[in-house]
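[1] predicted model, plus sequence, below.
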Amino acid sequence: SKLYRLWAVADENDTVTPALNNSAVDLFIKNQNCITDSAQYLNSVCEKIIFYLKYYISLWNNIKVNYVFECTYYKLNTLLESENLDGNFKTEAEGLTKESNLEEHLVGSFSKILGEMEEFEKKGSGWSLQCIDGLLIRMSKHKPLGGGKFIPLPEKIVKTRSVVNVQNDDDHCFKYAVLSSLFNSDKKHKNLPSAYKNLIHPFDFTVVKFPTEIQDIKKFEKVNACNCNIYALDEKNNVYPLKVSQFKFNKHIDLLYLSNEKTSHYCLITNLSRLVRSQKSKHHNNHLICRRCFKTFNKDYKYRDKSKLVKTADDLMKEHEMFCGLQEPSRYEFPKKMNVEFDKYQYTTKVPIVVYCDFETLSTPLTDTTQEHVIYSVGVRTCSSIPDLKNDTFIYTGTDTMSKFNEYLINLCKKVEELYARNIPMSPLTQEEEKRFQSAVNCEVCNKPFTEANMKVYDHDHMTGKFRFAAHKECNVQMKLPNFIPVYAHNLSNFDGHFIVRSLDCDDGEIKVIPNNTERYISFSKQYSGCNLWIRFLDSFRFLNYSLDNLVKGLTEFPIMGEAYADEAERKLLLRKGVLPYSYLDSMEKLEETSLPDRSKFYNTLTEEHVSDEDYTHAENIWRTFNIKNLGEYSDLYLKTDVLLLCEVFEQYRNLCFETYKLDPSWCYTSPGFSWTAMLKFTNIQLDILNDITQVQFIEAGIRGGLTQCVLRYAKANNA
């Protein structure tokens, strides 16, 4: 992580972290001189980067490299409070060889980094650069894509009759593919190397090596004044652009790149439109096709714009290329359904099992400014709406905390899977339930009327057999149980998530991640070995972005706390935010101490604040009231209270959302996702999707920064 890198580089040396059997390396150049200007810092490390690039190119011949510019931003929330944010600005991986111009490569890479920073600061909603941490260089041994010996074409491509595939037995397939562009369609035996012997041609092949790597084709284009576009096949043998020429020469040569486990191969595409047409349309009209995105225009059709002016396919292609040239080459695919409407009918039922968790850590100082956090305690609360699975609270303290946490989740998975596998027939209906079913005119799921085509059926809970409502047959089919169990932690993205992710290698089960950046997660999911259900880890802060203490202050009722603590006086004590001597707790031995630490031990080295008299008195009251025997018990009570309060807050949030929108947010990853779903359901609107590539590219080209505002800059005196 960035914090580790900043701690590890304590002097003028850079950190080098080898990986993958020394075929990859991470290199971190720390901002030792505290340079505050981004361009100045990047210029200052150019020589050092070039030294490392040359070294690893000489070691590995070909490398792939990308850069991560790491910095820290801050934003003032009030005059006294500020918030920090990690900034990570990355470049795409680029292949380099001994012939590469390293200075030109760095200029291009740094321009992209500075451009990304400028774009972020434009729409960053008040974020300002606080400091530059350093530059992370990621290098790996690279075997570039290149052409070699003959590979047969897939049958699907052969049927298009739009590719010439020369059956060479040497590494000169690039040369044969280019030369075959000189022949007209009547030429026989174009697929045999003998057809190219003694051929007089205008091309200079001395600038490329054989087998020819894709990155070397740029040299060939410059010398021969032609555009070489490379296309490849996906797993369904559909064509997509791999490399589209950046030059604007009049001559175009389109090549198809094939590969297998042993070799790779170039072929000539004689008719790109015919090759791509089958994956775009069933019509066989004469089309113009964009080489960058495969947008097609029918040559036989006369188009009219809004002013009713007649335009040809050539006119529209010129207009399209203006915007398409601004985008990276890609194949656009649009959904078959051309509108968006509410269709998440599953979300209208509550997720039966929801889990809440929290952790406590020991803080071991590494330097004067950094600490290592080690998990020593975990608290889990399981909330269940299934009668046969009771609500459960689990607290564990020990050196194997994460192992016990995963063990708890595995056991929970197995129990829930057994319950979900039940298929209890519907119980006999009461008179009232039967009357409700017979009188129903609209489906209680989608609120649309019943029809002969989509008839009324009974919907019931398969785990209990209870009748729920009258629904369309199609809606009834969609009312499935979730294939996941949501596990919430407050501020998972910034803190708890790192500890959980590290522990998920406990078995060989699959892991899925939705990243926010290279060090933070929106969500991640684990399917433990032997389980079918996924454990979906989520951040409750992405739904309720306030501290837990502030969220609790907004509640008036506490049924979950009342269940755990029947005594009203005890409950009131726990509803107030407690304190824990985080900085003091640096070893497991301190948990055995039998008295509350002195007030001075509650000093927080992170915030540089002492505990208030009021907070310390509250801690003493807790210790006496609950007859605490040691600091470990005090910590467990603190943790249990936090987990129960998180459960209290989020369960009431779920209930409020369900009462208001008849939707459960536990199906969603974040509050914006839930808001979008609620909007579609509440408005019952159908939104059309853009289905024209040119329109999409026009809008993307017009996207600019975010909020524009005039602010009074915050100035902090540097004279302490």
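    Good, I have the coordinates.
[2] in which helix or strand would I find residue 529?
    Following DSSP states H and E, there is no helix or strand that holds residue 529.
[3] hang on, it packs against residue 508?
    Yes: checked against Cβ atoms under 8 Å, the pair residue 529 and residue 508 is within contact range at 5.7 Å. (Each C-beta comes from the backbone N, C-alpha and C, glycine too.)
[4] more neighbours: those two, which one.
    Taking neighbours as other Cβ atoms under 10 Å, residue 529 and residue 508 compare with residue 529 leading, 11 against 8.
[5] could you list the domains of this structure?
    Structural domains assigned to the chain are 2-141, 155-324, 548-661, following automatic domain parsing.
[6] and residue 401, which of the ones you listed is closest to it?
    Ranking these by proximity to residue 401 (Cβ to Cβ) places domain 548-661 first, at 10.8 Å.
[7] re earlier: and the domains of the chain as a markdown table, adding mean pLDDT and mean neighbour count?
    Putting these into a markdown table (pLDDT from 0 to 100; neighbours: other Cβ atoms under 10 Å) gives the following:
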| stretch | mean pLDDT | mean neighbour count |
| --- | --- | --- |
| domain 2-141 | 81 | 16 |
| domain 155-324 | 85 | 16 |
| domain 548-661 | 92 | 16 |
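[8] possible to save those as TSV with distance to residue 684?
    Putting the domains of the chain into TSV (distance: least, Cβ to Cβ, whole Å) gives the following:
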stretch	distance to residue 684
domain 2-141	32
domain 155-324	30
domain 548-661	12
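[9] closest to residue 372 out of the ones you listed?
    domain 2-141 (8.6 Å).
[10] return the distance of the closest one from the chain's centre.
    What separates the centre of domain 2-141 from the centre of its chain is 21 Å, taken as Cα atoms, centre = their mean, to the nearest Å.
[11] thinking again about what came up before, which of the domains of the chain sits closest to residue 381?
    Residue 381 lies closest to domain 548-661 among the domains of the chain, at 4.5 Å (Cβ to Cβ).
[12] that closest one: end-to-end distance?
    End-to-end distance for domain 548-661: 24 Å, by Cα to Cα, to the nearest Å.
[13] so what's the gap between that domain and the chain middle?
    Averaging C-alpha positions (Cα atoms, centre = their mean) puts domain 548-661 33 Å from its chain's average.
[14] which residue ranges form the helices in the stretch 1-150 of the chain?
    Counting by DSSP state H, counting those that start in this stretch, one finds helices in the stretch 1-150 of the chain at the ranges 2-8, 38-44, 46-60, 102-122.
[15] what's the longest one packed up against?
    Which is helix 102-122. helix 38-44, helix 46-60, strand 63-76, strand 82-90, strand 94-96, strand 128-141 (3 or more Cβ pairs under 8 Å, 6 or more residues apart in numbering; DSSP states H and E).
[16] please convert those to CSV, extending it with distance to residue 22.
    Shown next, in CSV, are the helices and strands packed on helix 102-122 (distance: least, Cβ to Cβ, whole Å):
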stretch, distance to residue 22
helix 38-44, 28
helix 46-60, 9
strand 63-76, 13
strand 82-90, 23
strand 94-96, 18
strand 128-141, 9
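[17] the ones you listed: which one's closest to residue 482?
    Among the helices and strands packed on helix 102-122, strand 82-90 comes nearest to residue 482, with 32.4 Å by Cβ to Cβ.
[18] any idea how far the residue nearest to residue 559 when sequence neighbours are not counted lies from residue 442?
    Closest residue in space to residue 559, ignoring its immediate chain neighbours: residue 648 at 7.7 Å, by Cβ to Cβ, 6 or more residues apart in numbering. From residue 648 across to residue 442, the span is 35 Å (Cβ to Cβ, to the nearest Å).
[19] rewinding a little: next, format the helices of the stretch 1-150 of the chain as JSON lines and append distance to residue 382.
    Below are the helices of the stretch 1-150 of the chain laid out as JSON lines (distance: least, Cβ to Cβ, whole Å):
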{"stretch": "helix 2-8", "distance to residue 382": "32"}
{"stretch": "helix 38-44", "distance to residue 382": "48"}
{"stretch": "helix 46-60", "distance to residue 382": "50"}
{"stretch": "helix 102-122", "distance to residue 382": "40"}
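[20] out of the domains of the chain, which gets nearest to residue 376?
    Closest approach to residue 376 among the domains of the chain (Cβ to Cβ): domain 548-661, 6.3 Å.
[21] show me what the helix or strand where the residue nearest to residue 559 lies is packed against.
    For residue 648, the host element (DSSP H and E) is helix 631-661. The contact analysis (3+ Cβ pairs under 8 Å, 6+ apart) places helix 631-661 against strand 353-365, strand 371-384, strand 392-397, helix 548-553, helix 559-564, helix 568-575, helix 613-625, helix 671-683.
[22] of the ones you listed, which is nearest residue 112?
    Residue 112 sits nearest to helix 671-683 of all those, at 27.8 Å, using Cβ to Cβ.
[23] for the residue with the largest distance to the centre of the chain, what are phi and psi?
    Here the chain reaches farthest from its C-alpha mean at residue 198, the gap being 54.5 Å by Cα atoms, centre = their mean. Backbone torsions of residue 198, given as degrees, to the nearest 10, read phi 60, psi 20.
[24] gap between it and residue 494?
    69 Å.
[25] among the helices and strands packed on helix 631-661, which comes closest to residue 322?
    Once the helices and strands packed on helix 631-661 are compared by Cβ to Cβ, helix 671-683 is nearest, at 32.0 Å.
[26] on that earlier part again, residue 358 is nearest to which of the helices and strands packed on helix 102-122?
    So among these, strand 82-90 is nearest, using Cβ to Cβ, at 21.5 Å.
[27] can you pull out the residues in contact with the closest one?
    Strand 82-90 is contacted by residues 2, 66-77, 113, 116-117, 120, 127, 129-130, 517-520 when judged by Cβ atoms under 8 Å, 6 or more residues apart in numbering.
[28] what does stretch 544-560 give?
    Residues contacting stretch 544-560 (Cβ under 8 Å, 6+ apart): 381, 490, 571, 575, 577, 642, 644-653, 671.
[29] same check on stretch 250-269?
    145-151, 153, 157, 162-166, 173-174, 176-178, 180-181, 211-212, 214, 225-233, 239, 242, 245, 272, 275, 291.
[30] among these, name the ones in strands.
    Applying DSSP state E to these, the entries found in strands are 163-164, 226-233, 239, 242.
[31] quick one: which of those residues is nearest residue 103?
    For these, the nearest to residue 103 is residue 228 (25.2 Å; Cβ to Cβ).
[32] right, and that closest one touches residue 222 too?
    No: with contact defined as Cβ under 8 Å, residue 228 does not reach residue 222; the gap is 10.5 Å.
[33] picking that back up, any idea how far the residue farthest from the centre of the chain lies from residue 441?
    Counting by Cβ to Cβ, the gap from residue 198 to residue 441 is 84 Å.
[34] run the angle between the helix holding residue 648 and helix 568-575 for me.
    Orientation check (axes from the mean of the first three to the mean of the last three Cα atoms, to 10 degrees): helix 631-661 against helix 568-575 gives 90 degrees.
[35] what angle separates helix 631-661 from helix 613-625?
    Using the same axes, to 10 degrees: helix 631-661 against helix 613-625 is 110 degrees.
[36] sorry, back to before: okay, the helices and strands packed on helix 631-661 in TSV with distance to residue 251 next?
    Listed next are the helices and strands packed on helix 631-661 as TSV, based on distance: least, Cβ to Cβ, whole Å:
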stretch	distance to residue 251
strand 353-365	63
strand 371-384	61
strand 392-397	70
helix 548-553	66
helix 559-564	73
helix 568-575	77
helix 613-625	77
helix 671-683	48
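[37] which of the ones you listed sits closest to residue 452?
    Going by Cβ to Cβ, the one of these nearest residue 452 is helix 671-683, 25.9 Å.
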